[in-house]
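In: Got a predicted structure plus its sequence, pasted below:
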Amino acid sequence: MIRVLAFYGQRPGGRFDFDYYAKSHIPLVQKRLSGFGLVSAHLERGVGGVEPGAPPKYAAIASYVFKNVDGFQKGFATHGAELMADVPNYTDLEAIIQINDILA
């Protein structure tokens, strides 16, 4: 199993529409990538840092679990342009993407 993570950093005046992401983008991803081994999708909102009152480093973190990296890559090669075209509908923040093996 792998997890694809999208980290959306904080920026003054940055916009992230959590409602749109949860109700529109995740269902679109599920519809397009379930046949490529997508197992689950999650969205998290940053609420703070370790120190009391510290702001979160990331406004949002989205994660997608896939059966394997090959499935993700094939699915993204097939539907990535459509999924990326949806990004302006929910954010103007830049995402950092990372793929991880799930070990435990």
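Out: Perfect, thanks for sending it.
In: Pick out the residue nearest the middle of this protein.
Out: For the chain, the residue sitting closest to the mean C-alpha position, by Cα atoms, centre = their mean, is A62 at 3.0 Å.
In: That one and V4, how far apart?
Out: A62 sits 8 Å away from V4, taking Cβ to Cβ, to the nearest Å as the criterion. All C-beta spots, glycine's among them, are computed from the backbone N, C-alpha and C.
In: Which elements pack onto the longest helix along the chain?
Out: Longest helix of the chain, by residue count under DSSP state H: helix 69-85. For helix 69-85, the packing partners by 3 or more Cβ pairs under 8 Å, 6 or more residues apart in numbering; DSSP states H and E come out as strand 2-9, helix 26-33, strand 38-45, strand 58-66.
In: Okay, buried residues for that helix please.
Out: Applying a neighbour-count criterion of 16 or more other Cβ atoms under 10 Å, the buried positions in helix 69-85 are G71, F72, G75, F76, H79, L83.
In: How about the second one: what's its closest non-neighbour residue?
Out: When the adjacent residues along the chain are set aside, F72 lies closest to F66, with 4.4 Å between them (Cβ to Cβ, 6 or more residues apart in numbering).
In: can you pull the contacts of the one you found?
Out: The neighbourhood of F66, defined by Cβ atoms under 8 Å, 6 or more residues apart in numbering, consists of M1, I2, R3, V4, L33, F36, G37, L38, V39, F72, G75.
In: still on that earlier bit, can you name the next helix or strand after the longest helix of the chain?
Out: Using DSSP states H and E, the next helix or strand after helix 69-85 towards the C-terminus is strand 95-101.
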